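S.K.: Got a sequence here, can you model it:
(one chain, ligands or ions: 1)
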Amino acid sequence: MADAVVVGAGPNGLAAAIVLAQAGVSVRVVEAADTVGGGARSAELTLPGFVHDVCSAIHPLGVASPFFRTLPLAEHGVEWIEPPAALAHPFDDGTAVLLERSPEAAASDLGDDDVGWRRLFAPLVADAEPLLEDLLGPLHLPAHPVRLARFGARAAAPATTLARFAFRGERARGVFAGLAAHSMLRLDRPPSAAFGLTLGLLAHAVGWPLPRGGSQRLSDALASYLRSLGGEIETGRRVESLAELGEARPILLDVTPRGLLALAGDRLPTRYRHGLERYRYGPGVFKLDWALGGPIPWQAEECARAATVHLGATLEEIAVSEAAPGRGEIAEQPYVLLAQPSLFDPTRAPAGQHTAWAYCHVPNGSTVDMTERIEAQIERFAPGFRERILARSALGPAQMERYNENYVGGDINGGAATLSQLFTRPVARLSPYSTPLPGVFLCSSSTPPGGGVHGMCGYHAARAALRQTSGDSNTN
Ligand SMILES: Cc1cc2nc3c(=O)[nH]c(=O)nc-3n(C[C@H](O)[C@H](O)[C@H](O)COP(=O)(O)OP(=O)(O)OC[C@H]3O[C@@H](n4cnc5c(N)ncnc54)[C@H](O)[C@@H]3O)c2cc1C
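M.R.: The predicted structure follows:
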């Protein structure tokens, strides 16, 4: 066994292993699944020749990640494709707002709110790099306090409040609601606005790109780079208990609090164990993938300029949809996040044919089949969509969890992104990555900065582990 072990080869596990290997530590990654990548994997879910992203598909956080940006990912096979627009947001009148790279261009679709959109996003875009550095980490003394305070003043609001304050019209409010709904929070609760601001900022600052060939390429590149540094990866082995890992230190766990309790619950002090037991998971997802005989026939044809399309039209409709899971209800007209990668990446489907990927939020652990409701939402903005379906794959919360045990009840973010769990997840400690067990760290999206394919949880956890190893006791 290597000196250090990382359990789980998701983006954060791989990032943690890379940081250790870069520091000269011999490291082995042990992964339960047969392939690396966790939530960033691709597979032929429908028909031969159709490559689907099983989980993540669009990677603004991947290109913006301060850690991934330092890695030679292109040399290891990553080619980012940036569609002309980050996002399309269609409306019932057959038009759509396209989020273009520059806030000025985006604002042109927003009518009366063009000034408001620019006023909100242009200063953030100007500060993008330092802001993202501060946002993609644990609670800390910010490197750029003034910029962060400016962001925080708006970000701390509920999305509905900020949208109504910043914009007068339905279009800009709807687009902002769609961005904020990535939080999987109720939109009338803080800090849902923070997600709207961050995703809008990313759209303008770096775009919303996808890797040619699928998300698996990003994971394979991380694995390939790790191996080039001497790291080892063992797939197809689920770790059942920390005891299996012997004397290896540090141990970094790309698992949720529930995973940590299963691996080492009996060894944890009561207070910390209770903290993990109290940790809250968020809504689940119901996900569909389709093999299509042709492109999605959007009524607003310009939707074909973006790989991501948000379906839900207005702030009011999206807010109603996002409030339902928290009450244990499903939305009859769910807000749907859709990706159409094959429009920009011909490797995803046979010539002339296409793939599409979509999901909506449902109560944690829901068993309701959302296929009909999701397809009705697409049909609403793209009449004739159903006629193009050649085959479909459906994954509800239970199947998601079976696919990747980190998706507890179908929660794809490793825990709810509430105010109390955003920067201090999973348990409030000086270093949220450390555990009371010496040399044992959490590095999954259940630690700051939370969900998404950015590797920053793994990066910060590994740095905390290295500090502890080198005797800097600050990390505990
Ligand atoms: C449907 C869906 C859509 C998404 N869309 C996007 C998107 O477009 N963009 C984006 O940035 N993010 C997206 N995400 C979120 C993103 O996939 C996750 O936030 C990210 O993968 C978290 O990375 P991680 O390394 O923390 O955990 P994971 O990626 O979940 O990896 C954890 C790994 O640990 C392994 N593991 C767990 N326990 C053990 C054990 N005991 N022994 C061995 N191995 C173990 C698991 O098998 C898994 O491979 C999406 C997720 C889903 C499900």
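S.K.: With adjacent residues omitted, what lies nearest to residue 445?
M.R.: Take residue 445 and drop its neighbours on the chain: the residue closest to it by C-beta to C-beta, 6 or more residues apart in numbering is residue 414, 3.5 Å away. In this view, the C-beta of every residue, glycine as well, is placed from N, C-alpha and C.
S.K.: For residue 428, give me its contacts.
M.R.: The neighbourhood of residue 428, defined by C-beta atoms under 8 Å, 6 or more residues apart in numbering, consists of residue 275.
S.K.: same thing with residue 268?
M.R.: Shown in contact with residue 268 (C-beta under 8 Å, 6+ apart): 260-261, 276, 435-437.
S.K.: With respect to the ligand, which of those residues is nearest?
M.R.: The ligand has its nearest neighbour among the contacts of residue 268 in residue 260, at 9.5 Å by C-beta to the nearest ligand atom.
S.K.: residues in contact with the one helix or strand that closest one maps to?
M.R.: Residue 260 is part of helix 257-264, with elements assigned from DSSP states H and E. By C-beta under 8 Å, 6+ apart, the surrounding residues in contact with helix 257-264 are 7, 239-242, 253, 255, 268, 273, 276-277, 279, 405-406, 408, 415, 426-427, 435, 437, 440, 442, 444, 446.
S.K.: Could you turn the buried ones of the residues you listed into a ChimeraX selection?
M.R.: Provided next is the ChimeraX selection string for whichever of the contacts of helix 257-264 are buried by 16 or more other C-beta atoms under 10 Å:
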select :7,239,242,253,255,268,273,276,279,405,406,408,415,426,427,435,440,442,444,446
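S.K.: Next, check the contacts of helix 257-264 against the strands and list the overlap.
M.R.: For those, the ones inside strands are 7, 253, 440, 442, with DSSP state E as the criterion.
S.K.: Helices along the stretch 301-450 of the chain, start to end?
M.R.: Shown for the stretch 301-450 of the chain, the helices assigned by DSSP state H, counting those that start in this stretch span residues 315-323, 371-381, 397-403, 419-422.
S.K.: For residue 377, grab the count of nearby residues.
M.R.: The burial metric for residue 377, expressed as a neighbour count using other C-beta atoms under 10 Å, is 24.
S.K.: how near is residue 388 to residue 288?
M.R.: Residue 388 sits 14 Å away from residue 288 when distances are taken as C-beta to C-beta, to the nearest Å.
S.K.: Between these two, which is the more surrounded one?
M.R.: For residue 388 and residue 288, the more surrounded residue by other C-beta under 10 Å is residue 288, and the numbers stand at 23 against 18.
S.K.: Tell me where the model's unsure across this protein.
M.R.: Within the chain, the ranges that satisfy pLDDT under 70 run 1, 106-108, 471-476.
S.K.: go again using 80 as the cut-off
M.R.: Under the criterion of pLDDT under 80, the regions of the chain flagged as low confidence span 1-2, 103-108, 137-144, 147, 471-476.
S.K.: pretty sure residue 448 contacts residue 140?
M.R.: No: the pair residue 448 / residue 140 is not scored as a contact, 9.2 Å apart, by C-beta atoms under 8 Å.
S.K.: Look at these two and report which has more neighbours.
M.R.: A count of neighbours by other C-beta under 10 Å puts residue 448 above the other of residue 448 and residue 140, at 23 against 10.
S.K.: Fine by me, we can end here.
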